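**Student:** fold the following.
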Amino acid sequence: MDIKNTPRDTFLYLLSIITLVASAISFGALVFGLIDIRFPDPLNPYASVNYGGIRMALATLIIVFPVFFWVSTFLHKDVVTNPEKRDSKLRKWLMYLTVFAAGLVVIGDLVTLIYNFLQGDLTTPFLLKILTVFFIAGSSLFYYLSEIKARAYPRKAFQAVIVVVVAAAVVFGFYKAGSPASQRLIRFDQQKIGNLQNTQDRLVYYWQQKGSLPAALSELNDPISGFAVPSDPQTGEKYEYIRTGARAFQLCAVFNLPSQADPSIAKPVFPPEQIFYNWQHETGRSCFDRTIDPLLYPVKPR
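**Tutor:** This is a model prediction of the structure:
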């Protein structure tokens with residue numbers, strides 16, 4: 001082997017290891033997340049799918065997998081051009097290290113999946129995730145062992161299958177996770193819900209302290225505690241507040257999308273009437289009627 005190429009070869013094989021492990025972990029996380037969306041667990045109806053993890057897996061795959069593909073292709077062509085490198089100790093050591101690293105990832109995934117299954121996870125998602133792990137392990141081991149032992153195999157067809165599978169997972173992940181534009185609208189809506197929740201809590205607190213509701217939200221401002229009535233983060237306008245009774249009020253806001261469009265909100269596994277949804281809304285102006293129960297939230301004695 002040409003000694004002057006050793007630093008370059010070392011760097012590229014190490015890069016191959018890192019990008020392979022990152023791609024394998026990200027692909028597994030993405031597919032696992034999509035499986036969880038398709039097969040929600042009735043034992044945990046309120047736990048939302050980790051859409052943040054899905055987006056991180058998408059971002060990692062979009063950047064890291066092409067790098068892995070390019071590095072592996074470059075190294076293969078380099079060995080074909082310089083056959084003497086095929087038997088170099090450096091190459092074999094680093095490629096076996098790559099197989100070893102991929103094996104650790106697969107073993108860790110299998111242990112976690114079996115543990116969760118023994119904890120009572122659903123059978124179908126468990127089997128699909130096991131198949132995903134076997135796909136990752138089988139494709140990685142087949143490729144690297146074939147490269148190490150110089151086995152003849154339809155390399156281009158094999159690469160095409162891997163690229164198609166990864167691309168399909170990425171496209172479907174984008175479809176489920178939502179576009180960046182829709183995610184920004186959803187984040188605005190989530191902030192509005194958080195503001196309304198905080199305002200509602202302060203209204204209940206006001207009722208408990210004074211035995212009445214304020215005529216306007218501005219009465220909730222408290223410079224001592226530091227509370228200031230929040231405004232719509234998108235428009236800067238004040239939220240609409242209507243006092244509808246001695247213990248009843250209405251809070252209104254304008255939303256970009258219906259709450260069903262927010263994928264981070266767990267879809268009901270039980271019938272809707274068995275689940276209390278506090279802030280379900282449609283597109284546009286939505287109002288939430290609230291009545292304070294004096295038994296649950298009694299006025300504090302003076």
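**Student:** only C-alpha atoms for contact and neighbour calcs from this point on.
**Tutor:** OK.
**Student:** out of everything not next to it in sequence, what's closest to residue 12?
**Tutor:** The shortest distance from residue 12 to any non-neighbouring residue, by Cα to Cα, 6 or more residues apart in numbering, is to residue 71 (6.6 Å).
**Student:** okay, now the one you found: neighbour count?
**Tutor:** Using other Cα atoms under 10 Å, residue 71 has 18 neighbouring residues.
**Student:** which strands or helices does whichever strand or helix holds it pack on?
**Tutor:** Here residue 71 sits within helix 51-81, counting by DSSP states H and E. Contact here means 3 or more Cα pairs under 8 Å, 6 or more residues apart in numbering; DSSP states H and E; on that basis helix 51-81 packs against helix 6-38, helix 155-177.
**Student:** so after the shortest one, what's the next helix or strand?
**Tutor:** Remark: after helix 155-177, the chain's next helix or strand is helix 180-210, criterion DSSP H and E.
**Student:** for residue 191, which of the helices and strands packed on helix 51-81 is the nearest?
**Tutor:** helix 155-177 (18.5 Å; Cα to Cα).
**Student:** which parts of the closest one are buried?
**Tutor:** For helix 155-177, burial by neighbour count (16 or more other Cα atoms under 10 Å) applies to 162, 166, 169-170, 173, 176-177.
**Student:** against which helices or strands is it packed?
**Tutor:** Counting contacts by 3+ Cα pairs under 8 Å, 6+ apart, helix 155-177 packs against helix 6-38, helix 51-81.
**Student:** and residue 302, which of those is closest to it?
**Tutor:** Taking Cα to Cα, helix 51-81 is the member of the helices and strands packed on helix 155-177 nearest to residue 302, at 47.6 Å.
**Student:** got the angle between that closest one and helix 6-38?
**Tutor:** Computed by axes from the mean of the first three to the mean of the last three Cα atoms, to 10 degrees, the angle separating helix 51-81 from helix 6-38 equals 140 degrees.
**Student:** mind checking which helix or strand residue 250 is in?
**Tutor:** Element membership for residue 250, per DSSP H and E: strand 248-255.
**Student:** what lies in contact with that strand?
**Tutor:** 189, 192, 196, 232, 239-244, 281-292 (Cα atoms under 8 Å, 6 or more residues apart in numbering).
**Student:** now, which of those residues lie within strands?
**Tutor:** Among these, the members falling in strands are 240-243, 284-291 (criterion: DSSP state E).
**Student:** with distance to residue 89 and pLDDT as added columns, please give these in a markdown table.
**Tutor:** Putting the ones in strands among the contacts of strand 248-255 into a markdown table (distance: Cα to Cα, whole Å; pLDDT from 0 to 100) gives the following:
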| residue | distance to residue 89 | pLDDT |
| --- | --- | --- |
| 240 | 72 | 95 |
| 241 | 74 | 96 |
| 242 | 77 | 94 |
| 243 | 79 | 94 |
| 284 | 66 | 91 |
| 285 | 69 | 93 |
| 286 | 68 | 92 |
| 287 | 70 | 94 |
| 288 | 70 | 94 |
| 289 | 73 | 93 |
| 290 | 73 | 94 |
| 291 | 76 | 94 |
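**Student:** to residue 98, which of the helices and strands packed on helix 51-81 lies closest?
**Tutor:** helix 6-38 (5.0 Å).
**Student:** flag the shaky bits of the stretch 201-302 of the chain, pLDDT-wise.
**Tutor:** Residues of the stretch 201-302 of the chain meeting the criterion pLDDT under 70: 260-277.
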